[in-house]
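Visitor: structure for the following, please:
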Amino acid sequence: MVEQRIEELAQLSADRTAVDDTGGNALLWSLAVIAYQTLHTLRKHFLAGSWRRAQPKRLRLWLLRLPAKLTAHARKHYLQFLRKEPVRSRVLAALRALEHAIPPPVPA
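Guide: Numbers count the residues shown, from 1 in each chain. Okay, here's the model as predicted:
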């Protein structure tokens, strides 16, 4: 179980030291841990079926290769997926669940 988590962190590039500075490497490690926690939350609460057990590399490639178009209208941004995309319904369900899980921003 621990080995699997280490492998997932390696897929998120936590196994590399990109800079010579210790503080910079600590920052990169912290960002990888935040990415892992986000991935864990997405898996646990918003993904279903085989996607819940998918490796980070598979999820990343799946999201990057998903055909969609980003449009803007009336100061809002929309992500439009192709209707014939087979995983469209799963992505939309996960995004809707994520939208309801995030609390609205507090006005200043």
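Visitor: which element is Leu27 on?
Guide: helix 22-46 (DSSP states H and E).
Visitor: what is the orientation angle of the helix or strand following that helix with helix 22-46?
Guide: With elements assigned by DSSP H and E, the helix or strand that comes after helix 22-46 is helix 56-64. Here helix 56-64 runs at an angle of 70 degrees relative to helix 22-46 (axes from the mean of the first three to the mean of the last three CA atoms, to 10 degrees).
Visitor: okay, the next helix or strand after helix 56-64 in PDB with CA atoms only?
Guide: Tracing the chain past helix 56-64, the next element assigned as helix or strand by DSSP H and E is strand 68-73. Output of strand 68-73 as PDB, limited to C-alpha atoms (Å, rounded to 0.1, in the frame of the first residue of the first chain):
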ATOM      1  CA  ALA A  68     -13.100  20.300 -25.600                       C
ATOM      2  CA  LYS A  69     -13.400  24.000 -26.400                       C
ATOM      3  CA  LEU A  70     -13.100  26.800 -23.900                       C
ATOM      4  CA  THR A  71     -15.400  29.700 -24.700                       C
ATOM      5  CA  ALA A  72     -16.300  33.000 -23.000                       C
ATOM      6  CA  HIS A  73     -19.600  34.800 -23.000                       C
END
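Visitor: can you name the element that comes right after strand 68-73?
Guide: strand 76-81.
Visitor: which parts of the helix or strand following that following strand are buried?
Guide: The helix or strand immediately downstream of strand 76-81 is helix 88-101, counting by DSSP H and E. Within helix 88-101, the residues scored as buried using 16 or more other CB atoms under 10 Å are 90-91, 94. Just so you know, the C-beta spots here come from the backbone N, C-alpha and C atoms, and that holds for glycine as well.
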